[in-house]
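1. just the structure for this:
(chains A and B)
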2 protein chains.
Amino acid sequence: MQKKIHYTYEMATTNTATKSSNIQPDWKTILEAHDRIRPRIHQTPVLTSRSIDELAGAQLFFKCENLQKTGSFKIRGATNAIFSLSEEEAQRGVVTHSSGNHAAAVACAAGWRGIRASIVMPRNAPKVKCRAVEWYGGKITFCEPNVTSRAETAARILAATGGVLVHPYDDDRIIAGQSTAAKELMEEVTGLDAVLSPVSGGGLLSGTCLAAKGTSADVRVFGCEPQQADDAYRSLTSGTLQSLESSDTIADGLRASLAPRTFAILRQCVDGILLVSEGEILATMQLVWERMKMVIEPSSAVALAPLLRKSGLAEMGFAEGSNPRLGIILSGGNVELKW
Amino acid sequence: MQKKIHYTYEMATTNTATKSSNIQPDWKTILEAHDRIRPRIHQTPVLTSRSIDELAGAQLFFKCENLQKTGSFKIRGATNAIFSLSEEEAQRGVVTHSSGNHAAAVACAAGWRGIRASIVMPRNAPKVKCRAVEWYGGKITFCEPNVTSRAETAARILAATGGVLVHPYDDDRIIAGQSTAAKELMEEVTGLDAVLSPVSGGGLLSGTCLAAKGTSADVRVFGCEPQQADDAYRSLTSGTLQSLESSDTIADGLRASLAPRTFAILRQCVDGILLVSEGEILATMQLVWERMKMVIEPSSAVALAPLLRKSGLAEMGFAEGSNPRLGIILSGGNVELKW
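-> The predicted structure follows:
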């Protein structure tokens, strides 16, 4: 049974330039976030590949957040959140829960600010991710690998330390920070017809919508999601927030579910969700490694994968042969290598 | 039995700026080569990694020929050779033998010039390499996987077509072309104390010596070689050209031996050969993939590997804590991915 792979959101409010709308975080907040984090992060390069362009039938512009500090875009939101704290808040330290790139990003940004970062990680988190958190100076507390234990452990640390929670995506400061990747892309590459980003909890995709549509009234934004972790697709088609039972998609960065805040933004702004299979993710990751000589993690591959199938352009409403200009957010490059 | 891993060449003629010496190819030839190929190749980026710098105790500048057209530096020499041909020569087509990056480079450059490229490849060459040659329009003739069959097959094609042989390294046009990688590096990064390059047939290392020492009288140049393919080390220590019995080093680009032409240049110019183990090659390759998010092939890792062992700087004559500025030629990124 082939699942419908393309979700087209009702276009009523879509393509409203969000700069003038009342959505939060607003344009001023995004500009402030960018000014705040610009001295601390990389303006990552935008790369192209003639041979992948030929396969996709499009002009692709890859925003390389795999080359970002800590190896993913997550440092943008974490830096914005942590450097937004008042001196009094900062002194109490920050707390977060994550088994992945957000954990390393919070540890790194907290280190820059010189404050304590307490990270709740599941006992079965990949060793390489734990080492990264420790390398950046984060203090790990392990929990059982389930939502209840994670929430209880984080709550206990918050109570004990009086620290500030830095949620991975249900937070305007995080969303504003993540938006700066697409903002830089839009500023560097003019005339983009659409931007594609992976979606998990929705922080990156929400930010991408706000930045892209705040920059150009004509650009469309698509979220890309594993079929095996399709809560955003289901939430947006049903109109009610759907949760995700545990997922074992290879795209380990995309196993979270939308939060109320990101769901609300995406309902207003996103033009569609494109689902991809596990096989497509793997083949796309291999293609980028081989052709672009860049290490990307599976979550990054999700944002390119729809373009490599025959129906890809049509699913986004582009005519065959129209050769659109498309931005792709390569979200990260942290993958455990074994050979 | 631990083999001595560092060879220091008698310094009598070393560090003579080659610009004023009588070595061929001379500086004028190198400048002409660079002018000839510049419009057709990438000026590849020079990247840095703070975390690898810390491991090496040095300031490292990576010249990323893995991001070069065809995925390796080989396109530099091939383009120079093929665009040096007279119109009459070009019309007869070019012939070469290679199971690797030189084959793809010759096919690609011949395509740019619009002439025929006949490539002799061993029957057991990796399929991915054969596909690359065909993708660039090269015409493959398979031979048995031994030197005799390769030479006979190439001679037969040369006789039949009247084509021009483009040798992978025993050719001044090739050496001049390969030299441009180090020339670009020296022009972009001032004050380098040394440059490290892998060595196989010696085209890249010879060119690196000529370009580096032609640019700066103070820079030293080291070749890096697998212990399992140590003919350059043995040739330079013994003073007579040594051949290499078949090698199965994982650095598949470094299984060739020096030719008389490259041996003569290296005897005059290179400051030392550093040998590395197979384990060092693998660990270094993994480090670059993980930290720099770049796909490099094993041959590229060979040029960084010596710096990651405790004795690395001392082997090159640098004091502990001197934090030298070192250029590393990452020669290519073509590796077969399987997962």
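2. please give the element, helix or strand, for residue A:80.
-> helix A:74-84 (DSSP states H and E).
3. in the helix or strand following that helix, what's buried?
-> The helix or strand immediately downstream of helix A:74-84 is helix A:87-91, counting by DSSP H and E. For helix A:87-91, the neighbour count (16 or more other Cβ atoms under 10 Å in any protein chain shown) marks residue A:90 as buried. For every residue, glycine as well, the C-beta is placed using N, CA and C.
4. from the chain's centroid, how far away is helix A:87-91?
-> On the basis of Cα atoms, centre = their mean, to the nearest Å, helix A:87-91 is displaced by 27 Å from the centre of the chain it belongs to.
5. pLDDT of that helix, averaged?
-> What helix A:87-91 shows for mean pLDDT is 97.
6. then stretch A:39-49?
-> 96.
7. buried residues, it. List them.
-> A:40-41, A:44, A:47, A:49.
8. and the residues you listed as JSON lines, adding secondary structure and distance to chain B?
-> Shown next, in JSON lines, are the buried residues of stretch A:39-49 (DSSP: H, G, I helix; E, B strand; the rest coil; distance: Cβ to the nearest Cβ, whole Å):
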{"residue": "A:40", "secondary structure": "coil", "distance to chain B": "14"}
{"residue": "A:41", "secondary structure": "coil", "distance to chain B": "14"}
{"residue": "A:44", "secondary structure": "coil", "distance to chain B": "11"}
{"residue": "A:47", "secondary structure": "strand", "distance to chain B": "9"}
{"residue": "A:49", "secondary structure": "coil", "distance to chain B": "11"}
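9. and those residues, which two are furthest apart?
-> A:40 and A:49 (29.0 Å; Cβ to Cβ).
10. how confident was the prediction at the most centrally placed residue in chain A?
-> The centroid of chain A falls nearest to residue A:204 when counting by Cα atoms, centre = their mean (3.3 Å). Note on residue A:204: pLDDT of 98.
11. just the element for it, please.
-> For residue A:204, the host element (DSSP H and E) is helix A:203-215.
12. could you check the helix holding residue A:80 against chain B for contacts?
-> No. Judged by Cβ under 8 Å from any Cβ of the partner chain, helix A:74-84 stays clear of chain B, getting no closer than 13.9 Å.
13. any idea how far residue A:46 is from the residue nearest to the centre of chain A?
-> 16 Å (Cβ to Cβ, to the nearest Å).
14. cool, and residue A:40?
-> Distance, residue A:40 to residue A:46, by Cβ to Cβ: 20 Å.
15. repeat for residue A:230
-> For residue A:230, the distance to residue A:46 - Cβ to Cβ - is 29 Å.
16. wait, what's in contact with the residue nearest to residue A:246 when sequence neighbours are not counted?
-> Closest residue to residue A:246 apart from its sequence neighbours, by Cβ to Cβ, 6 or more residues apart in numbering or on different chains: residue A:255 at 7.7 Å. If you count contacts by Cβ atoms under 8 Å, 6 or more residues apart in numbering or on different chains, residue A:255 has them with A:200, A:229, A:244, A:246-247, A:249.
17. same question for residue A:290.
-> Residue A:290 neighbours (Cβ under 8 Å, 6+ apart): B:295, B:337.
18. ok, now with 10 Å
-> Applying Cβ atoms under 10 Å, 6 or more residues apart in numbering or on different chains to residue A:290 gives the contacts A:51, B:71, B:128, B:295, B:333-337.
19. do the same with residue A:266
-> A:9, A:199, A:202, A:205-206, A:209, A:221, A:223, A:232, A:235-236, A:258, A:273.
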